[in-house]
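Participant: This is a predicted model, with the sequence first.
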Amino acid sequence: MKLLFIQPAQMFRDGRLIKFKQTISYPIGLVTLAGLTPPDVDIVIVNESVDEIDLDMDVDAVCITGYSSQITRGYQLADAFRQRGVTVVMGGIHVSLNPDEAEQHADAILIGEAEGLWPTMVADIRANRLKKRYKLAHFPEMSSPVLPRYDLVDRAKYIQPPSVKSNLIPIQTARGCPHHCDFCSVVQFLGRKFRMKPISHVLKEIEACGSDYLFFSDDNVIGNFDHAREFFKAITPLNVKWMGQFPSTIGRHPELIDMAAKSGCFLLFIGFETIVTESLHEVGKSFNQRQNYHEVIRRILDAGITPFGSFAFGFDHDDPEVFDRTLAFTEETHLPLVSWFILTPLPGTVLYRRLSEQGRIIDRNWHNYDLSRAVFRPAQMTPEELEERYWKAFGDFYSLPKIAKRVRSATTDTTIQTMYAMLSRSMIAHRINPLSGGVLAK
Ligand code: SF4
């Protein structure tokens, strides 16, 4: 049996596909699904942002997954394959949160996480007895090791910084989050219980991926402090370099920052979300303490780690000046890297329901839900003004004089910082969020 796994490309607003020669977005979901697939099945992985899709490929079924911003293209591909009589199954976060919509484009859908279900679906594809929906009654425990099929991906298509010998490989060490941020789709998909992989499994994945340059892609690497301490101790002898995501409350636990640094952490994403306290309350992220942001950034810098701050714009408490105030904050705190988003009511989230009930959603073309386009009416700006100010401020942060100034005064390694800053400049010029970016194809 042969299966084709597809991660669809994102699209520009006018529907053109966004194609890269090289990208930073590694298709970890598909290589993990391949790891769950019985070994006698042939698998072809296509990450459409860097690979071409052969609609006439001779396969037994096509499996498509994607975020909301990729799902419009995913549905186009699903419809095209089904017109040719090819079986299509779909899964992933958008499909799981919007199953009624997704099943109109697929022979079967997988709701939730694939562990515990995917081998059954593969058997049903083989026996030609697919059901319309597959869903586990519980979130799966992460106690069974899964070795992702890294060998199925052409690493040359993924950006590699000049100073490291291998690609950045995402590895998940835990799933779930106990918080209730109303814009978050992850927590709807992965649940509120923090589920950890046994450390021994993570060590096997690190060894199998063949890279010493890693991204621990959990939403919170330190969701359980005791587990995090053990994990950092276990990876310290491996001499890997890693990046990951910590909550902004990490400032209260400097020893964990130091342990992370000692274990090879070189960059930390911090979800500050906003510098406006009222906005944190507005979206249910009150555990972020605005008054502690300066200290968090200082402690991370002091540990020799590059802090990478994530901020969103478009909250009801955001006035047009919020961009200038946020830029000023980044200068005061010497924040070297930022990722900026436009608040996006991803379908299936509490925020989506709230804004829908208020009649404020103005765009239901999911390909525009790329976290950088205004798809709802903000309270204190027009959607157009929100977008214009967002891109202008983003471009201002990554202007050449500011990049140069930050590099000159940096206290941490600037190789990755400079590479990401230059990539961001190029993406911002094309109005593509840098976090899903790459080197554009001609
Ligand atoms: S945004 Fe982060 S902290 Fe909030 S619910 Fe989602 S994963 Fe948890």
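Facilitator: Cool, got the structure.
Participant: And Ser423, how far from Thr23?
Facilitator: One correction, residue 423 is Leu, not Ser. The gap separating Leu423 from Thr23 is 10 Å, by CB to CB, to the nearest Å. C-beta: built from backbone N, CA, C; applies to glycine.
Participant: Overlap in contacts, those two.
Facilitator: Jointly contacting Leu423 and Thr23 under the rule CB atoms under 8 Å, 6 or more residues apart in numbering are 159, 437-439.
Participant: Quick one: buried ones out of these?
Facilitator: With burial judged by 16 or more other CB atoms under 10 Å, the buried subset of those is 159, 437-438.
Participant: can you redo those residues as TSV with pLDDT?
Facilitator: Shown next, in TSV, are those (pLDDT from 0 to 100):
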residue	pLDDT
Ile159	90
Gly437	89
Gly438	91
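Participant: Looking at these, which are in strands?
Facilitator: Judged by DSSP state E, strands contain the following of these: Gly438.
Participant: Tell me how many other residues surround Leu351.
Facilitator: By other CB atoms under 10 Å, 21 other residues sit near Leu351.
Participant: What strand or helix carries it?
Facilitator: Per DSSP states H and E, Leu351 falls inside helix 350-357.
Participant: If you average the pLDDT over that helix, what comes out?
Facilitator: Mean pLDDT, computed over helix 350-357, is 97.
Participant: What is the nearest of the buried ones among the shared contacts of Leu423 and Thr23 to the ligand?
Facilitator: Ranked by distance to the ligand (CB to the nearest ligand atom), these are led by Gly437 at 21.4 Å.
Participant: Surely that closest one and Met427 touch.
Facilitator: Yes - at 3.9 Å, Gly437 and Met427 qualify as touching, with contact defined as CB atoms under 8 Å.
Participant: re earlier: make CSV from the buried ones among the shared contacts of Leu423 and Thr23 and add distance to the ligand to it.
Facilitator: Below are those laid out as CSV (distance: CB to the nearest ligand atom, whole Å):
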residue, distance to the ligand
Ile159, 25
Gly437, 21
Gly438, 25
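Participant: for the stretch 151-300 of the chain, which spans come out with low pLDDT?
Facilitator: Along the stretch 151-300 of the chain, segments meeting pLDDT under 70 span 163.
Participant: quick one: the helices in it?
Facilitator: For the stretch 151-300 of the chain, applying DSSP state H, counting those that start in this stretch gives helices covering 186-190, 199-209, 225-235, 254-262, 277-282, 293-302.
Participant: Could you dump those into a markdown table with mean neighbour count and distance to the ligand added?
Facilitator: Output for the helices of the stretch 151-300 of the chain, formatted as a markdown table (neighbours: other CB atoms under 10 Å; distance: least, CB to the nearest ligand atom, whole Å):
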| stretch | mean neighbour count | distance to the ligand |
| --- | --- | --- |
| helix 186-190 | 18 | 4 |
| helix 199-209 | 17 | 19 |
| helix 225-235 | 17 | 15 |
| helix 254-262 | 18 | 17 |
| helix 277-282 | 17 | 11 |
| helix 293-302 | 19 | 15 |
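Participant: want to throw those helices into JSON lines with distance to Val95?
Facilitator: Listed next are the helices of the stretch 151-300 of the chain as JSON lines, based on distance: least, CB to CB, whole Å:
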{"stretch": "helix 186-190", "distance to Val95": "10"}
{"stretch": "helix 199-209", "distance to Val95": "25"}
{"stretch": "helix 225-235", "distance to Val95": "30"}
{"stretch": "helix 254-262", "distance to Val95": "34"}
{"stretch": "helix 277-282", "distance to Val95": "29"}
{"stretch": "helix 293-302", "distance to Val95": "36"}
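Participant: where's Ser436 relative to His430, distance?
Facilitator: Counting by CB to CB, the gap from Ser436 to His430 is 12 Å.
Participant: between those two, which one's more packed in?
Facilitator: Each of Ser436 and His430 has its neighbours counted (other CB under 10 Å); Ser436 has more, 20 against 10.
Participant: give the contact list for that one.
Facilitator: 10, 23-25, 69, 370.
Participant: Next step: those residues restricted to helices.
Facilitator: Using DSSP state H, the subset of the contacts of Ser436 located in helices is Ser69.
Participant: quick one: which of the contacts of Ser436 is nearest to His317?
Facilitator: Nearest to His317, judged by CB to CB, of those is Asp370 at 23.5 Å.
Participant: I'd guessed that closest one sits against Ala9; true?
Facilitator: No - Asp370 is not in contact with Ala9 according to CB under 8 Å; the separation is 11.3 Å.
Participant: what's next to stretch 74-87, contact-wise?
Facilitator: Here stretch 74-87 has contacts from 6, 8, 48, 53, 55-56, 59-62, 64-66, 88, 90, 102, 105-108, 125, 130, using CB under 8 Å, 6+ apart.
Participant: Kindly recompute the last result at 6 Å.
Facilitator: Here stretch 74-87 makes contact (CB atoms under 6 Å, 6 or more residues apart in numbering) with 8, 55, 61-62, 64, 66, 88, 105-107.
Participant: Repeat that for stretch 313-324.
Facilitator: Residues outside stretch 313-324 that contact it (CB under 6 Å, 6+ apart) are 276, 278-279, 282, 342-343, 378-381, 386, 389-390, 393.
Participant: Do a quick rundown of the helices in the stretch 1-150 of the chain.
Facilitator: Under DSSP H, counting those that start in this stretch, the stretch 1-150 of the chain gives helices at 28-36, 68-83, 93-97, 99-102, 118-126.
Participant: before we move on, back to that, out of the contacts of stretch 313-324, which are buried?
Facilitator: 276, 279, 282, 342-343, 378, 381, 386, 389-390, 393.
Participant: just these now: which is nearest Ser185?
Facilitator: So of the buried ones among the contacts of stretch 313-324, ranked by how close each gets to Ser185 (CB to CB), first place is Leu343, at 12.9 Å.
Participant: Give me the neighbour count for Glu384.
Facilitator: Per other CB under 10 Å, the neighbour tally for Glu384 reads 9.
Participant: quick check, it in a strand?
Facilitator: No - Glu384: not assigned to a strand; according to DSSP: H, G, I helix; E, B strand; the rest coil it is helix.
Participant: need the residues of this protein near the ligand, please.
Facilitator: 177, 179, 181, 184, 186-187, 219, 271, 285 (CB under 6 Å from any ligand atom).
Participant: Can you tell me how far Ser372 is from the ligand?
Facilitator: Ser372 sits 17 Å away from the ligand when distances are taken as CB to the nearest ligand atom, to the nearest Å.
Participant: and that residue, helix, strand or coil?
Facilitator: What three-state DSSP gives for Ser372 is coil.
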